[in-house]
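Q: What shape does this take:
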Amino acid sequence: MMNGGAQSSALLVRIGAGTMGVDIGEISEIIRMVDIERLPSGGAVLGAISLRGQVLPVLDVGPALQQGAVAIDPAHYIVVAASTTPFGFCVHDAIDVIDVAEDQRREVWGERSGGRFVRGMLRHDETLVPLLSTRAMEGELE
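A: Predicted coordinates:
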């Protein structure tokens with residue numbers, strides 16, 4: 001456990017060879033990969049799934065993060081974002097939920113980050129981990 005002020009929790013996910021973090025409060029659930037109805041949309045929108053009767057758009061943010069596309073494989077996962085417009089994004093693996101001290105995270109880049117879905121960095125086990133922005137992902141749906 002880290003020392004410091006206030007703590008938050010983050011889900012560590014693997015996308016390609018990269019480990020990324022997502023604030024736990026931005027996630028409603030994690031489900032196993034299911035068949036995705038592909039859409040000819042271009043960009044990060046891969047397609048859509050039906051989740052408990054609701055149509056849910058699914059994004060593949062791997063290429064934008066320079067981590068390659070996430071294959072539709074039963075061993076992979078869809079992280080469902082807790083947002084005003086529910087959507088999911090594909091990940092290779094959900095690794096762990098970690099506590100992050102306030103002094104171990106930096107949310108500084110916004111749109112200038114170089115990666116349109118990265119809003120900052122977390123320090124975990126002496127490693128810097130990109131912090132993903134589900135709000136930026138949600139912008140892909142507009």
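Q: packing partners for the lowest-mean-pLDDT helix or strand in the chain?
A: The weakest-scoring helix or strand in the chain, judged by mean pLDDT, DSSP states H and E, is strand 105-106 (a mean of 87). Under the contact definition 3 or more Cβ pairs under 8 Å, 6 or more residues apart in numbering; DSSP states H and E, strand 105-106 sits against strand 118-124. C-beta coordinates here come from the backbone N, C-alpha and C atoms, glycine included.
Q: What pairs with the strand it packs on, parallel or antiparallel?
A: Looking at strand 118-124 with DSSP bridges, its partner strands are strand 105-106 (antiparallel), strand 127-132 (antiparallel).
Q: winner for burial among the ones you listed?
A: Sort those by mean neighbour count, taking mean count of other Cβ atoms under 10 Å, and strand 127-132 sits at the top with a mean of 19.
Q: Could you check the helix or strand just after it and say which residues are buried?
A: Using DSSP states H and E, the helix or strand that follows strand 127-132 in sequence is helix 134-138. For helix 134-138, the neighbour count (16 or more other Cβ atoms under 10 Å) marks Thr134, Ala136, Met137, Glu138 as buried.
Q: before we move on, what about stretch 56-63?
A: Buried-residue list, stretch 56-63, by 16+ other Cβ under 10 Å: Leu56, Pro57, Val58, Leu59, Asp60, Val61, Gly62.
Q: Surely the second one is in contact with Ala48?
A: Right, Pro57. Yes: contact criterion Cβ atoms under 8 Å: Pro57 and Ala48 qualify, at 5.3 Å.
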